[in-house]
Structures are given as C-alpha cells and as structure tokens.
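Engineer: test case, fold it:
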Amino acid sequence: MTTKKIAKSGSPTRLSENTRMLISVLQERMNIYDEFYASLRLAKDTDNGEKNSYSNDDEKYSALFSEVNNPLANMTEEDISNLDYAMLDGIFSLLREDFLFSFSHVEMTDEIDHVAYLGTEGSYSHKAALKYFSARTDTIELIGHLSFSDIIKSVEKGNCIYGILPIENTTSGSINEAFDCLHRSTVSIVAELAVSVQHSLVGLEDANIENVKEVLSHPQALTQCSDFLQSLENSQIIPVSSTAEAIKRVAALNDPTVFAIGNESTARLYGLNVIQAHVSNNTENYTRFFVLSQKQRPVPYEIPAKTTLIFSTGEQAGALLDCLIIFKELNIGMSKLESRPSQYDKDEEIFYVDVDINVRSPKFSQVKKHLKKYVKTMKVLGCYPKILRL
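Structural biologist: Sure, this is the predicted structure:
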C-alpha cells in the first residue's frame, strides 16, 4: 500500500515563511511613511525657524501622495496575476487610512501640552484622545471637561491646543448638541477618527442584575442600549455627563442595586465588574469624533479630503433641493446631511453637510459661488483628511 505524500508547496512552514515576508514588506512601507513624516517636520523646523505647512508645489511630496492614494494605478493585469483586484484595493485602502491618520499629526508641534476631551479618565472620548495622540501621550496632558461647549471654549481660549469632540454614533445617530456648539464656535475641524464602542452593564462584585434599581450613563450610551434597558423592569434610568462618570459614581456609592453602562476597561479601573457584556443595540457600534483646533490645516490635493460646512436657508420652497443639485452637478460626493432648527431665527433652517472635496480646490470655489444664490449664511467648519473606515 502506497502512502500519499503531502506536497511541499502546501506546507505550513512555507506559509509561515510567507507570512513573515508579508510582514517585512509592510514594515518597510511603514518605514517609508516615517521617513516622509520626518522630512516634513525637518522642512518645517529649518525654514527660517518658522513652522510652515506642507506645500503642494513640492513635486516629491506630490508624487508620494499620489502613490499612496492610488497605488494600483500603474499595475497591469500581468502584475496582479491571479489576485483579486477588490481584495488588493481593500488592503491598500487600510494602508492609506493609516497613512492619512499619521499625516494628520504632521502639523502638531512640540508646543502641544493640553488636549480637551469629554468626561473623565476611561471615557470613550478619553479613549479617542489616547488613540489620536498616541505618539504624544508622554508629552501632553489630557484634560477632562464636563460638556461639549466646555471643550470648544477651552480650544477657543487656547487653554487646550486641541479638543476631541464626539459627533455621531452608528446606533444613536448625530449628537445634535455637539453640532449646535460647533455652529456657535470659531474652532476648525482638522481631523476625524472612529472609535469602537462596546457597552457593558457594570456594577459591584456582589451585584445581581435581578436587583437593579438604577442605571447611570451618558444619554448617548443610554440611547445606544435602549433595547437592553427596556428589559430591566422597575429600574430608573439616570443620565450623567459621561460613561466614565457613571462608573465612577457607582463605585463611590458602593450600592449593589446601582449599575452603570460603560466600557469594561473603565469598570476595571474603578474596581467594578462586568455584570453583562455587549448590551448595545448594534454589535458594530462606532462613535465618530472630530479633532478641533484654533487654526485650519491645509490638506494636500492628492489625498482624499472631506469638508464639513453649514448653511442656512429661508422657508422658500425647494431651497435645499437647489443647494443639493449644485453638489450633484459638480459631481461632489456627500456622506452626511443633517438639519437643525436655527438658534437665532425661527424662519431659518440650518443644514450640516459632509462633502468629499478639498476647500483649496477650484471646484470648491464654484460650490461657494453657486450656493450664495440660495443660502442666507454659510460657514466652513473644517477640511480634513478623509478617514475611510467609519
């Protein structure tokens, strides 16, 4: 009887070696990114001592941005061979996102010392701040604030160089209060990021869910867990300033009938246990954050950019439609449209729009020119690199 041999070409050893090769190639790509960031910082620091922004006139930088944005442009069918184009495009999209995420830090200078976020240590806003400023956490201080307006005021006054503002969630939608605060502010949006939100019901070690009397959390978190909360009979739902504040209060009360909704890591931080994990309505739950600054930073033409703007219209019929047709005719993608009543004029409607365009492009000049025919007021809240995984 002949024993069939396993072909060497399909051996686990070769597959493992190939994995190491792929990792090595990816590491080399990251090294190229790092060299580029270093050259940008060096150019900024040595140009007569001034901190200048990236210049679109530099052909070397322009070529690199183009390669990052469309790496498969010069690849032939023979180059790709039997690989799936959509799969490759997905891989390079993730690499592009990493590049854009890191590039958004290039304008940060050594003068950064304070960053504003919502709530206390362990909140999702704190988590977002740690993620965005991961390269600088040893040199900056993260300052918790009680409200959205406090974050914005802190940036406007220069008390904090940057602010982290939650703006919308995949489950509960837009955070209207945050948009209203932005409308009244003078800050600029300079970046966006998304943070995974995994809510749990937490309490004391001896807590029993059957004895729950009160549940504390931020209003947005309570909305995101509404299905679960409806199953808790005879319990009082209490909104507080942040999920971390809710957990902090439960720990201080030391009452086994009082619970909080928040993330597991914060619960451990305050000595609480997870009583029931994954209580969100949506398992794929993300919160989108804006990074705010006093000054707008230019975004290179070669990388995908997003612009958030607001405009107001009167009560004339078809005013919004006229505005939206402008974006359609100019072939400008729109990823968000939100309406809010005006805080200043009852006859006005305010619209918040996210569009895929760079404010420095000639096409945006056309947008402003045409919009002026139909809107009463218009304001650009910010232009920033478009993060793809949102």
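
Engineer: now the helices for the stretch 51-200 of the chain?
Structural biologist: In the stretch 51-200 of the chain, the helices defined using DSSP state H, counting those that start in this stretch lie at 59-69, 77-80, 85-103, 124-132, 148-156, 176-184.

Engineer: lowest average pLDDT across the ones you listed?
Structural biologist: The minimum mean pLDDT among those belongs to helix 59-69 (a mean of 74).

Engineer: can you list the buried residues in that one?
Structural biologist: Neighbour-count burial for helix 59-69 flags 61-62, 64-65, 68-69 (criterion: 16 or more other Cβ atoms under 10 Å). From N, CA and C alone the C-beta is placed, and that goes for glycine too.

Engineer: against which helices or strands is it packed?
Structural biologist: Applying 3 or more Cβ pairs under 8 Å, 6 or more residues apart in numbering; DSSP states H and E, one finds that helix 59-69 makes contact with helix 12-46, helix 85-103.

Engineer: the longest one versus helix 59-69: what angle between them?
Structural biologist: If I follow you right, that is helix 12-46. Taking axes from the mean of the first three to the mean of the last three Cα atoms, to 10 degrees, one finds that helix 12-46 is oriented at 140 degrees with respect to helix 59-69.

Engineer: next, the angle from helix 12-46 to helix 85-103.
Structural biologist: Helix 12-46 and helix 85-103 are oriented at 40 degrees to each other (the same axes, to 10 degrees).

Engineer: counting by contacts, list what helix 12-46 packs against.
Structural biologist: On a contact count with 3+ Cβ pairs under 8 Å, 6+ apart, helix 12-46 meets helix 59-69, helix 85-103.

Engineer: save those as CSV, and put in distance to residue 313 too.
Structural biologist: Below are the helices and strands packed on helix 12-46 laid out as CSV (distance: least, Cβ to Cβ, whole Å):
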stretch, distance to residue 313
helix 59-69, 34
helix 85-103, 33
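
Engineer: looking at the helices of the stretch 51-200 of the chain, which is closest to residue 196?
Structural biologist: Comparison of the helices of the stretch 51-200 of the chain against residue 196 by Cβ to Cβ identifies helix 124-132 as nearest, at 9.1 Å.

Engineer: list the buried residues in the closest one.
Structural biologist: Buried, per 16+ other Cβ under 10 Å, within helix 124-132: 124-130, 132.

Engineer: make CSV from those residues and add distance to residue 238 to it.
Structural biologist: Output for these, formatted as CSV (distance: Cβ to Cβ, whole Å):
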residue, distance to residue 238
124, 18
125, 20
126, 21
127, 22
128, 24
129, 26
130, 27
132, 30
